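Visitor: 3D model of this:
(one chain, ligands or ions: 1)
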Amino acid sequence: MALFKSLDNLEDDKSSKSVSSDVEKVKCLIIGSGPAGYTAAIYAARANLNPVMYEGLEPGGQLTTTTEVENYPGYPEGVTGPVMMEDFKKQAQRFGTDVRFGIATAADLSKRPFKVTIDSTKIIEAEALIIATGATAKYLGLDSEEKFKGQGVSACATCDGFFYKGKDVAVVGGGDTAAEEATYLAGICNKVYLIVRKDYMRASKVMIDRVHKTKNIEVLYEHQTKEIVGDMSGVNGVILTNSKGEEVKKDIHGFFVAIGHKPNSDIFKEYLDTDEVGYIKTKPDTTKTKIDGVFACGDVMDSHYRQAVTAAGTGCRAAIDAERFLGSL
Ligand code: NDP
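Guide: A predicted model of the protein is given here:
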(Lines give C-alpha, C1' and ligand atoms only; values in the text may rest on other atoms or scores of the structure.)
Protein backbone atom coordinates (compact mmCIF):
# COMPACT_ATOMS: atom_id res chain seq x y z
CA MET A 1 0.00 0.00 0.00
CA ALA A 2 1.58 3.29 -1.06
CA LEU A 3 1.53 5.78 1.76
CA PHE A 4 2.13 8.82 -0.33
CA LYS A 5 0.78 10.23 -3.53
CA SER A 6 3.05 10.59 -6.51
CA LEU A 7 4.73 13.81 -7.49
CA ASP A 8 2.29 14.13 -10.37
CA ASN A 9 -0.14 15.54 -7.86
CA LEU A 10 2.22 18.23 -6.65
CA GLU A 11 1.20 20.87 -9.14
CA ASP A 12 -2.49 20.20 -8.52
CA ASP A 13 -1.92 20.52 -4.82
CA LYS A 14 0.01 23.76 -5.19
CA SER A 15 -2.60 25.36 -7.40
CA SER A 16 -5.45 24.39 -5.14
CA LYS A 17 -7.13 27.40 -3.53
CA SER A 18 -7.59 25.75 -0.15
CA VAL A 19 -3.87 24.99 0.00
CA SER A 20 -2.74 28.58 -0.33
CA SER A 21 -5.16 29.66 2.38
CA ASP A 22 -3.99 27.07 4.92
CA VAL A 23 -0.28 27.43 5.63
CA GLU A 24 1.36 26.76 8.98
CA LYS A 25 4.97 27.41 9.93
CA VAL A 26 6.80 24.95 12.18
CA LYS A 27 10.38 24.58 13.34
CA CYS A 28 10.71 20.83 12.99
CA LEU A 29 8.37 18.60 10.99
CA ILE A 30 8.46 14.82 11.28
CA ILE A 31 6.69 12.71 8.69
CA GLY A 32 5.92 9.13 9.71
CA SER A 33 5.11 7.46 13.02
CA GLY A 34 7.07 4.23 13.26
CA PRO A 35 9.92 3.67 15.74
CA ALA A 36 12.15 6.10 13.79
CA GLY A 37 9.60 8.92 13.69
CA TYR A 38 8.60 8.60 17.34
CA THR A 39 12.19 8.38 18.56
CA ALA A 40 13.04 11.47 16.52
CA ALA A 41 10.00 13.14 18.11
CA ILE A 42 11.05 12.26 21.66
CA TYR A 43 14.54 13.67 21.13
CA ALA A 44 13.34 16.72 19.18
CA ALA A 45 10.70 17.55 21.77
CA ARG A 46 13.17 17.25 24.65
CA ALA A 47 15.50 19.58 22.71
CA ASN A 48 12.72 22.21 22.50
CA LEU A 49 12.32 21.92 18.74
CA ASN A 50 8.50 21.85 19.17
CA PRO A 51 8.13 19.00 16.68
CA VAL A 52 4.96 18.48 14.71
CA MET A 53 4.44 14.91 13.53
CA TYR A 54 2.10 13.63 10.86
CA GLU A 55 1.41 9.95 11.39
CA GLY A 56 0.79 8.87 7.79
CA LEU A 57 -1.62 6.28 6.47
CA GLU A 58 -0.50 3.58 8.88
CA PRO A 59 -0.18 5.26 12.30
CA GLY A 60 2.46 3.39 14.28
CA GLY A 61 4.04 2.01 11.12
CA GLN A 62 4.75 -1.57 10.10
CA LEU A 63 4.92 -2.84 13.69
CA THR A 64 1.19 -2.37 14.05
CA THR A 65 0.75 -5.27 11.62
CA THR A 66 2.79 -7.68 13.73
CA THR A 67 1.57 -9.41 16.85
CA GLU A 68 4.16 -10.00 19.57
CA VAL A 69 7.45 -8.09 19.59
CA GLU A 70 10.03 -9.99 21.62
CA ASN A 71 13.29 -8.52 20.41
CA TYR A 72 12.89 -4.88 21.42
CA PRO A 73 15.08 -4.24 24.48
CA GLY A 74 13.21 -3.13 27.58
CA TYR A 75 10.22 -5.43 27.19
CA PRO A 76 11.38 -8.63 28.92
CA GLU A 77 7.94 -10.24 28.63
CA GLY A 78 7.43 -9.10 25.03
CA VAL A 79 4.81 -6.62 23.88
CA THR A 80 2.39 -6.44 20.99
CA GLY A 81 3.35 -4.15 18.10
CA PRO A 82 0.31 -1.86 18.54
CA VAL A 83 0.84 -1.51 22.31
CA MET A 84 4.52 -0.75 21.83
CA MET A 85 3.75 1.94 19.29
CA GLU A 86 1.14 3.43 21.62
CA ASP A 87 3.88 3.60 24.28
CA PHE A 88 6.17 5.35 21.78
CA LYS A 89 3.40 7.83 21.01
CA LYS A 90 2.66 8.58 24.68
CA GLN A 91 6.35 9.17 25.33
CA ALA A 92 6.62 11.56 22.38
CA GLN A 93 3.49 13.43 23.46
CA ARG A 94 4.66 13.63 27.07
CA PHE A 95 7.44 15.96 25.96
CA GLY A 96 5.14 18.04 23.80
CA THR A 97 5.22 16.51 20.33
CA ASP A 98 2.17 17.62 18.40
CA VAL A 99 1.07 14.30 16.88
CA ARG A 100 -1.48 14.70 14.12
CA PHE A 101 -3.35 12.37 11.85
CA GLY A 102 -2.63 13.18 8.23
CA ILE A 103 -0.81 11.98 5.15
CA ALA A 104 1.98 13.84 3.36
CA THR A 105 0.75 14.06 -0.20
CA ALA A 106 3.38 16.34 -1.79
CA ALA A 107 6.64 18.07 -0.97
CA ASP A 108 8.62 21.04 -2.21
CA LEU A 109 12.18 20.88 -0.91
CA SER A 110 13.60 23.36 -3.43
CA LYS A 111 14.30 25.91 -0.69
CA ARG A 112 13.84 26.53 2.99
CA PRO A 113 11.35 26.60 4.60
CA PHE A 114 10.48 23.20 3.15
CA LYS A 115 6.85 22.83 2.14
CA VAL A 116 5.00 19.61 2.79
CA THR A 117 1.38 19.28 1.75
CA ILE A 118 -0.83 17.32 4.12
CA ASP A 119 -3.93 15.54 2.81
CA SER A 120 -3.70 17.69 -0.34
CA THR A 121 -5.18 20.62 1.59
CA LYS A 122 -2.76 22.08 4.11
CA ILE A 123 0.83 23.22 3.70
CA ILE A 124 3.34 22.95 6.51
CA GLU A 125 6.42 25.13 6.16
CA ALA A 126 9.28 23.62 8.13
CA GLU A 127 12.78 24.87 8.93
CA ALA A 128 13.91 21.28 9.42
CA LEU A 129 12.30 18.16 8.01
CA ILE A 130 12.74 14.62 9.31
CA ILE A 131 11.54 11.97 6.87
CA ALA A 132 10.59 8.76 8.68
CA THR A 133 8.07 7.40 6.22
CA GLY A 134 9.30 3.80 6.38
CA ALA A 135 8.96 1.09 3.80
CA THR A 136 6.04 -1.07 2.90
CA ALA A 137 6.56 -4.81 2.58
CA LYS A 138 5.26 -6.16 -0.69
CA TYR A 139 2.68 -8.93 -0.46
CA LEU A 140 1.46 -11.36 -3.09
CA GLY A 141 -2.03 -9.86 -3.12
CA LEU A 142 -3.98 -13.01 -2.25
CA ASP A 143 -7.20 -12.73 -0.23
CA SER A 144 -6.06 -15.60 1.99
CA GLU A 145 -2.78 -13.81 2.67
CA GLU A 146 -4.69 -10.74 3.87
CA LYS A 147 -6.96 -12.94 6.00
CA PHE A 148 -4.06 -14.55 7.91
CA LYS A 149 -1.80 -11.48 8.26
CA GLY A 150 -0.51 -11.55 11.83
CA GLN A 151 -1.96 -15.06 12.29
CA GLY A 152 0.66 -17.05 10.42
CA VAL A 153 1.41 -14.69 7.53
CA SER A 154 4.33 -12.36 8.15
CA ALA A 155 6.79 -10.27 6.19
CA CYS A 156 9.54 -10.42 8.82
CA ALA A 157 11.24 -13.65 9.89
CA THR A 158 13.43 -11.91 12.45
CA CYS A 159 10.32 -10.48 14.09
CA ASP A 160 8.02 -13.49 13.99
CA GLY A 161 10.14 -16.59 13.29
CA PHE A 162 10.44 -17.56 16.92
CA PHE A 163 6.69 -18.22 17.14
CA TYR A 164 7.17 -21.17 14.77
CA LYS A 165 9.93 -22.86 16.72
CA GLY A 166 10.06 -26.56 15.80
CA LYS A 167 7.30 -26.19 13.19
CA ASP A 168 7.22 -26.26 9.39
CA VAL A 169 7.08 -22.93 7.58
CA ALA A 170 7.32 -21.54 4.05
CA VAL A 171 9.12 -18.51 2.65
CA VAL A 172 8.20 -17.05 -0.73
CA GLY A 173 10.73 -15.13 -2.83
CA GLY A 174 13.99 -15.74 -4.61
CA GLY A 175 16.11 -12.74 -3.63
CA ASP A 176 18.63 -12.17 -0.86
CA THR A 177 15.90 -11.39 1.66
CA ALA A 178 14.12 -14.69 1.00
CA ALA A 179 17.40 -16.60 1.16
CA GLU A 180 18.38 -14.86 4.38
CA GLU A 181 14.96 -15.36 5.97
CA ALA A 182 14.87 -19.03 4.97
CA THR A 183 18.32 -19.60 6.46
CA TYR A 184 17.36 -17.76 9.64
CA LEU A 185 14.13 -19.75 9.99
CA ALA A 186 15.98 -23.03 9.34
CA GLY A 187 17.82 -22.46 12.61
CA ILE A 188 14.54 -22.22 14.53
CA CYS A 189 12.00 -24.30 12.63
CA ASN A 190 11.75 -27.98 11.78
CA LYS A 191 11.51 -27.48 8.01
CA VAL A 192 11.48 -24.53 5.65
CA TYR A 193 10.00 -24.63 2.15
CA LEU A 194 11.41 -21.89 -0.03
CA ILE A 195 8.93 -21.10 -2.80
CA VAL A 196 10.65 -19.62 -5.87
CA ARG A 197 8.57 -18.73 -8.92
CA LYS A 198 11.38 -19.11 -11.49
CA ASP A 199 13.75 -22.02 -12.03
CA TYR A 200 16.53 -20.04 -10.39
CA MET A 201 17.01 -17.63 -7.51
CA ARG A 202 18.18 -14.10 -8.04
CA ALA A 203 19.90 -13.98 -4.64
CA SER A 204 23.69 -13.68 -4.47
CA LYS A 205 25.67 -16.88 -5.06
CA VAL A 206 26.89 -17.09 -1.49
CA MET A 207 23.31 -16.91 -0.19
CA ILE A 208 22.08 -19.50 -2.68
CA ASP A 209 24.90 -21.84 -1.66
CA ARG A 210 23.99 -21.37 1.98
CA VAL A 211 20.35 -22.21 1.23
CA HIS A 212 21.30 -25.35 -0.69
CA LYS A 213 23.68 -26.48 2.04
CA THR A 214 21.05 -26.12 4.78
CA LYS A 215 19.54 -29.57 5.21
CA ASN A 216 16.11 -28.53 6.43
CA ILE A 217 15.44 -26.06 3.59
CA GLU A 218 13.66 -27.51 0.56
CA VAL A 219 13.63 -25.17 -2.42
CA LEU A 220 10.51 -25.49 -4.56
CA TYR A 221 11.52 -23.92 -7.86
CA GLU A 222 8.86 -22.95 -10.38
CA HIS A 223 6.14 -22.94 -7.76
CA GLN A 224 3.55 -20.22 -7.27
CA THR A 225 1.40 -19.67 -4.22
CA LYS A 226 -2.28 -20.22 -4.94
CA GLU A 227 -3.80 -20.04 -1.49
CA ILE A 228 -2.89 -20.00 2.18
CA VAL A 229 -5.21 -22.15 4.23
CA GLY A 230 -6.00 -22.29 7.93
CA ASP A 231 -8.63 -22.03 10.60
CA MET A 232 -9.44 -19.93 13.68
CA SER A 233 -6.07 -20.76 15.21
CA GLY A 234 -4.11 -19.58 12.16
CA VAL A 235 -2.35 -20.93 9.10
CA ASN A 236 -2.05 -24.69 8.69
CA GLY A 237 -1.11 -25.08 5.04
CA VAL A 238 -0.34 -23.61 1.66
CA ILE A 239 -1.54 -24.67 -1.77
CA LEU A 240 0.99 -24.16 -4.55
CA THR A 241 0.94 -24.76 -8.28
CA ASN A 242 3.99 -26.22 -9.99
CA SER A 243 5.28 -25.63 -13.53
CA LYS A 244 2.91 -28.30 -14.89
CA GLY A 245 -0.05 -26.51 -13.35
CA GLU A 246 -0.53 -29.23 -10.73
CA GLU A 247 -1.55 -28.34 -7.21
CA VAL A 248 0.81 -29.18 -4.37
CA LYS A 249 -0.20 -28.84 -0.72
CA LYS A 250 2.30 -28.33 2.08
CA ASP A 251 1.41 -28.41 5.77
CA ILE A 252 2.92 -25.32 7.34
CA HIS A 253 2.17 -22.99 10.24
CA GLY A 254 4.04 -19.88 9.16
CA PHE A 255 4.07 -18.24 5.75
CA PHE A 256 6.76 -15.61 5.25
CA VAL A 257 6.54 -13.21 2.34
CA ALA A 258 9.97 -11.97 1.23
CA ILE A 259 9.40 -10.49 -2.20
CA GLY A 260 10.83 -7.07 -1.48
CA HIS A 261 9.97 -3.76 0.15
CA LYS A 262 9.00 -0.42 -1.28
CA PRO A 263 10.43 2.57 0.57
CA ASN A 264 7.87 5.35 0.92
CA SER A 265 9.99 8.03 -0.70
CA ASP A 266 8.02 8.89 -3.84
CA ILE A 267 7.15 12.48 -2.97
CA PHE A 268 10.77 13.31 -2.06
CA LYS A 269 12.53 11.65 -4.98
CA GLU A 270 12.66 14.76 -7.13
CA TYR A 271 14.86 16.48 -4.57
CA LEU A 272 16.83 13.74 -2.81
CA ASP A 273 19.21 11.05 -3.96
CA THR A 274 17.77 7.56 -3.76
CA ASP A 275 19.11 4.17 -4.77
CA GLU A 276 17.53 2.21 -7.60
CA VAL A 277 14.85 0.80 -5.29
CA GLY A 278 14.00 4.21 -3.82
CA TYR A 279 15.82 4.15 -0.47
CA ILE A 280 16.88 7.70 0.45
CA LYS A 281 20.64 8.11 0.48
CA THR A 282 22.18 9.78 3.51
CA LYS A 283 25.69 11.08 4.08
CA PRO A 284 27.97 8.50 5.72
CA ASP A 285 27.43 8.11 9.47
CA THR A 286 24.66 10.72 9.56
CA THR A 287 20.98 11.08 8.69
CA LYS A 288 21.73 14.12 6.51
CA THR A 289 20.39 14.02 2.97
CA LYS A 290 21.85 16.05 0.13
CA ILE A 291 19.68 19.01 1.22
CA ASP A 292 20.76 20.87 4.37
CA GLY A 293 17.96 20.66 6.90
CA VAL A 294 16.34 17.52 5.47
CA PHE A 295 17.05 14.31 7.37
CA ALA A 296 15.98 10.72 6.74
CA CYS A 297 15.76 7.91 9.26
CA GLY A 298 14.36 4.42 9.65
CA ASP A 299 13.35 2.04 6.90
CA VAL A 300 13.01 4.74 4.23
CA MET A 301 16.82 5.00 4.26
CA ASP A 302 17.85 1.56 5.56
CA SER A 303 17.42 -1.42 3.27
CA HIS A 304 19.72 -3.54 5.33
CA TYR A 305 18.70 -3.95 8.99
CA ARG A 306 15.01 -2.98 8.95
CA GLN A 307 14.50 -3.58 12.66
CA ALA A 308 12.47 -1.45 15.08
CA VAL A 309 15.48 -0.91 17.30
CA THR A 310 17.77 0.13 14.44
CA ALA A 311 15.07 2.45 13.10
CA ALA A 312 14.72 4.01 16.55
CA GLY A 313 18.49 4.52 16.63
CA THR A 314 18.48 6.44 13.36
CA GLY A 315 15.47 8.46 14.58
CA CYS A 316 17.53 9.60 17.54
CA ARG A 317 20.36 10.55 15.21
CA ALA A 318 18.01 12.49 12.93
CA ALA A 319 16.72 14.59 15.83
CA ILE A 320 20.27 15.32 17.00
CA ASP A 321 21.29 16.23 13.44
CA ALA A 322 18.20 18.47 13.13
CA GLU A 323 18.90 20.15 16.46
CA ARG A 324 22.47 20.95 15.42
CA PHE A 325 21.28 22.22 12.04
CA LEU A 326 18.67 24.52 13.59
CA GLY A 327 21.21 25.70 16.16
CA SER A 328 23.57 26.71 13.35
CA LEU A 329 21.04 28.99 11.59
P1 NDP B 1 14.48 -8.56 -4.62
O2 NDP B 1 13.70 -7.57 -5.40
O3 NDP B 1 15.93 -8.71 -4.87
O4 NDP B 1 13.85 -10.02 -4.84
C5 NDP B 1 12.48 -10.21 -4.78
C6 NDP B 1 12.22 -11.68 -5.06
O7 NDP B 1 10.83 -11.92 -4.88
C8 NDP B 1 12.59 -12.12 -6.47
O9 NDP B 1 13.14 -13.40 -6.47
C10 NDP B 1 11.25 -12.12 -7.17
O11 NDP B 1 11.13 -13.08 -8.17
C12 NDP B 1 10.32 -12.54 -6.05
N13 NDP B 1 8.97 -12.08 -6.30
C14 NDP B 1 8.54 -10.81 -6.54
N15 NDP B 1 7.20 -10.80 -6.68
C16 NDP B 1 6.80 -12.09 -6.53
C17 NDP B 1 5.54 -12.72 -6.59
N18 NDP B 1 4.43 -12.02 -6.81
N19 NDP B 1 5.48 -14.05 -6.38
C20 NDP B 1 6.61 -14.77 -6.14
N21 NDP B 1 7.83 -14.25 -6.08
C22 NDP B 1 7.92 -12.90 -6.26
O23 NDP B 1 14.15 -8.19 -3.09
P24 NDP B 1 14.95 -8.54 -1.77
O25 NDP B 1 14.15 -8.01 -0.65
O26 NDP B 1 15.33 -9.97 -1.72
O27 NDP B 1 16.29 -7.70 -1.87
C28 NDP B 1 16.24 -6.28 -2.04
C29 NDP B 1 17.66 -5.74 -2.11
O30 NDP B 1 18.27 -5.84 -0.83
C31 NDP B 1 18.53 -6.55 -3.07
O32 NDP B 1 19.41 -5.66 -3.70
C33 NDP B 1 19.28 -7.48 -2.18
O34 NDP B 1 20.52 -7.90 -2.73
C35 NDP B 1 19.47 -6.63 -0.93
N36 NDP B 1 19.60 -7.47 0.25
C37 NDP B 1 20.86 -7.77 0.67
C38 NDP B 1 21.05 -8.59 1.75
C39 NDP B 1 22.43 -8.87 2.19
O40 NDP B 1 23.35 -8.47 1.52
N41 NDP B 1 22.62 -9.58 3.29
C42 NDP B 1 19.93 -9.16 2.52
C43 NDP B 1 18.65 -8.81 1.97
C44 NDP B 1 18.51 -7.98 0.88
P45 NDP B 1 11.86 -12.93 -9.60
O46 NDP B 1 13.29 -13.21 -9.35
O47 NDP B 1 11.17 -14.00 -10.38
O48 NDP B 1 11.56 -11.54 -10.08
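
Visitor: Which residues of the stretch 1-150 of the chain lie near the ligand?
Guide: residue 140 (C-beta under 6 Å from any ligand atom). (Each C-beta comes from the backbone N, C-alpha and C, glycine too.)

Visitor: surely residue 170 meets residue 253?
Guide: No. With contact defined as C-beta atoms under 8 Å, residue 170 does not count as touching residue 253 (9.5 Å).

Visitor: can you pull up the bridge partners for the residue nearest to the spatial centre of the chain?
Guide: Closest residue to the average C-alpha location of the chain: residue 135 at 3.2 Å, with C-alpha atoms, centre = their mean. For residue 135, the beta-bridge partners are residue 263 (DSSP bridges).

Visitor: The stretch 151-300 of the chain: strands as residue ranges?
Guide: Listed in chain order, the strands of the stretch 151-300 of the chain (DSSP state E, counting those that start in this stretch) span 153-154, 168-172, 191-196, 217-221, 224-231, 234-241, 247-250, 254-257, 261-263, 294-296.

Visitor: helices and strands around the shortest one, which ones?
Guide: Which is strand 153-154. Under the contact criterion of 3 or more C-beta pairs under 8 Å, 6 or more residues apart in numbering; DSSP states H and E, strand 153-154 touches strand 254-257.

Visitor: ok, the strand it packs on: who's next to it in the sheet?
Guide: When DSSP bridges is applied, strand 254-257 pairs with strand 153-154 (parallel), strand 168-172 (parallel).

Visitor: so which of those strands gets nearest residue 110?
Guide: strand 153-154 (40.1 Å; C-beta to C-beta).

Visitor: I'd like the strands of the stretch 151-300 of the chain written out as JSON lines, with mean neighbour count, mean pLDDT and distance to residue 102 added.
Guide: Listed next are the strands of the stretch 151-300 of the chain as JSON lines, based on neighbours: other C-beta atoms under 10 Å; pLDDT from 0 to 100; distance: least, C-beta to C-beta, whole Å:
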{"stretch": "strand 153-154", "mean neighbour count": "26", "mean pLDDT": "95", "distance to residue 102": "29"}
{"stretch": "strand 168-172", "mean neighbour count": "27", "mean pLDDT": "98", "distance to residue 102": "34"}
{"stretch": "strand 191-196", "mean neighbour count": "25", "mean pLDDT": "98", "distance to residue 102": "38"}
{"stretch": "strand 217-221", "mean neighbour count": "18", "mean pLDDT": "98", "distance to residue 102": "44"}
{"stretch": "strand 224-231", "mean neighbour count": "17", "mean pLDDT": "98", "distance to residue 102": "34"}
{"stretch": "strand 234-241", "mean neighbour count": "18", "mean pLDDT": "97", "distance to residue 102": "34"}
{"stretch": "strand 247-250", "mean neighbour count": "14", "mean pLDDT": "98", "distance to residue 102": "43"}
{"stretch": "strand 254-257", "mean neighbour count": "27", "mean pLDDT": "97", "distance to residue 102": "29"}
{"stretch": "strand 261-263", "mean neighbour count": "20", "mean pLDDT": "93", "distance to residue 102": "20"}
{"stretch": "strand 294-296", "mean neighbour count": "29", "mean pLDDT": "98", "distance to residue 102": "19"}
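
Visitor: Make CSV from the ones you listed and add distance to residue 72 to it.
Guide: Putting these into CSV (distance: least, C-beta to C-beta, whole Å) gives the following:
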stretch, distance to residue 72
strand 153-154, 16
strand 168-172, 22
strand 191-196, 25
strand 217-221, 28
strand 224-231, 27
strand 234-241, 23
strand 247-250, 32
strand 254-257, 20
strand 261-263, 20
strand 294-296, 22
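
Visitor: can you list those in a markdown table and add distance to the ligand?
Guide: Putting these into a markdown table (distance: least, C-beta to the nearest ligand atom, whole Å) gives the following:
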| stretch | distance to the ligand |
| --- | --- |
| strand 153-154 | 14 |
| strand 168-172 | 5 |
| strand 191-196 | 7 |
| strand 217-221 | 11 |
| strand 224-231 | 7 |
| strand 234-241 | 11 |
| strand 247-250 | 15 |
| strand 254-257 | 9 |
| strand 261-263 | 6 |
| strand 294-296 | 17 |
